[in-house]
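Visitor: got a sequence here, can you build the structure:
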Amino acid sequence: MKHMLTLGLMAGFMGSTALAADKEITVASWGGAYQEAQSKALFQPAEENTGIAVKEVTYGGMSDVRLQVSTGEVTLDVVVSGSGSAARAAEEGLLEKLDYDVIDVSNFYPSLYSDYCVGGDVFSVVYAWNTDTYGEEVPQSWADFWDVEKFPGSRAYRGKVSGALEPALMADGVPMEEVYEVLSSEEGIARAIDKIRELKPHINVFWTSGAQHAQLMKDGEVDMTTGWNGRFDNARADGAKVDYSFNQALLDYDCFAIPKGAPNKDTAMEFLAEISKPEYQDDLPKYITYGPTNKAAYETGEISEEVAAGLPSSPENAEKQLPISLDWYAEWETTAAEMYQEMLTE
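Guide: All right, here's what the predicted structure looks like:
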């Protein structure tokens with residue numbers, strides 16, 4: 001009897017182990033230092049705490065998801081995406097709707113998740129300057145970025161429309177909270193582009209990648225540029241003479257999505273719920289200077305005041321910024337991109 005009981009317990013144990021082993025997902029991100037940070041702060045600890053086996057891969061973005069969904073051969077369960085790319089993928093029907101009864105976003109900034117993508121980290125589009133060029137008197141606004149008399153010197157600017165038009169309107173005097181209202185017409189888009197056209201004689205480079213704008217500042221090729229805060233932090237750590245401001249910056253985010261037809265959809269949802277918790281998100285800044293999307297991560301004691309001061313999503317910095325409007329990009333980006341390209345090629 002005792003022997004049979006032991007066998008029964010062993011069978012039960014083996015059954016539960018097999019069940020745990022059955023839970024696995026494939027997570028795709030962009031590789032490099034960024035994925036390494038995600039892996040250390042989010043993926044590996046969640047695997048350890050939940051028993052969900054996580055296979056990490058790198059991928060080329062939503063074009064890979066589109067191919068998998070269109071052929072019906074979906075192998076990815078969770079993908080990392082920019083907020084805008086995720087919004088466009090959702091419009092195409094490439095993503096599963098997320099279950100926010102499972103994923104708790106009650107402490108998230110409202111602008112940092114959508115029906116199809118939950119925020120994983122926050123970054124900012126900022127104006128940056130060469131500290132040797134400007135010394136003590138530095139730009140405090142987009143109007144200053146445009147003011148070539150007060151702040152003489154060469155500029156670099158975004159060569160794609162994403163994050164390019166909003167600063168121009170703020171430089172033209174539009175209040176931050178009215179920017180997307182003004183941009184929601186061809187006249188408003190033209191107004192922003194005209195403002196960039198005004199600065200164009202002083203723009204030496206229209207950059208197209210984060211690596212490029214960081215290198216411009218490291219090499220001292222321009223005196224000011226727009227760009228992503230984390231890239232400037234890395235450049236400064238490598239010796240670049242660069243600083244930036246969060247005032248009037250654009251608050252944007254990367255997020256996690258589940259491709260349509262993901263083989264382990266329910267497990268993926270469970271995994272996203274886990275890595276959205278503050279006790280994971282508060283570890284991310286140890287590896288990269290992007291902020292957590294869960295505000296409660298600032299209350300766990302892991303993120304010091306000094307570190308928080310440099311993060312885009314800290315309460316003090318977030319309130320100075322304009323959250324990117326995915327609704328605007330979904331409706332107007334194609335039109336705006338065509339108009340912007342015309343100005344670039346003039």
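Visitor: quick one, strands of this protein?
Guide: Listed in chain order, the strands of the chain (DSSP state E) span 24-29, 53-58, 78-82, 118-130, 155-158, 203-207, 224-228, 242-257, 322-323.
Visitor: for these, give me JSON lines that also has mean pLDDT and distance to D283.
Guide: Quick note: C-beta positions are derived from backbone N, CA and C, even for glycine. Formatted as JSON lines, the strands of the chain follow (pLDDT from 0 to 100; distance: least, C-beta to C-beta, whole Å):
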{"stretch": "strand 24-29", "mean pLDDT": "97", "distance to D283": "16"}
{"stretch": "strand 53-58", "mean pLDDT": "97", "distance to D283": "16"}
{"stretch": "strand 78-82", "mean pLDDT": "95", "distance to D283": "17"}
{"stretch": "strand 118-130", "mean pLDDT": "96", "distance to D283": "11"}
{"stretch": "strand 155-158", "mean pLDDT": "98", "distance to D283": "31"}
{"stretch": "strand 203-207", "mean pLDDT": "97", "distance to D283": "31"}
{"stretch": "strand 224-228", "mean pLDDT": "96", "distance to D283": "21"}
{"stretch": "strand 242-257", "mean pLDDT": "96", "distance to D283": "16"}
{"stretch": "strand 322-323", "mean pLDDT": "96", "distance to D283": "24"}
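Visitor: among the ones you listed, which comes closest to L42?
Guide: strand 118-130 (7.5 Å; C-beta to C-beta).
Visitor: elements contacting that closest one?
Guide: Other helices and strands packing on strand 118-130, by 3 or more C-beta pairs under 8 Å, 6 or more residues apart in numbering; DSSP states H and E, are helix 142-146, strand 224-228, helix 229-237, strand 242-257.
Visitor: mind putting the strands of the chain into TSV with mean neighbour count and distance to R191?
Guide: Formatted as TSV, the strands of the chain follow (neighbours: other C-beta atoms under 10 Å; distance: least, C-beta to C-beta, whole Å):
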stretch	mean neighbour count	distance to R191
strand 24-29	23	38
strand 53-58	16	40
strand 78-82	25	26
strand 118-130	26	19
strand 155-158	23	17
strand 203-207	18	18
strand 224-228	26	18
strand 242-257	23	17
strand 322-323	20	16
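Visitor: out of those strands, which is closest to I103?
Guide: Once the strands of the chain are compared by C-beta to C-beta, strand 118-130 is nearest, at 5.8 Å.
Visitor: for W207, give the beta-bridge partners.
Guide: Counting by DSSP bridges, W207 forms beta bridges with R158.
Visitor: list the contacts of it.
Guide: Contacts for W207 (C-beta atoms under 8 Å, 6 or more residues apart in numbering) come out as A156, Y157, R158, G159, H213, L216, T225, G227.
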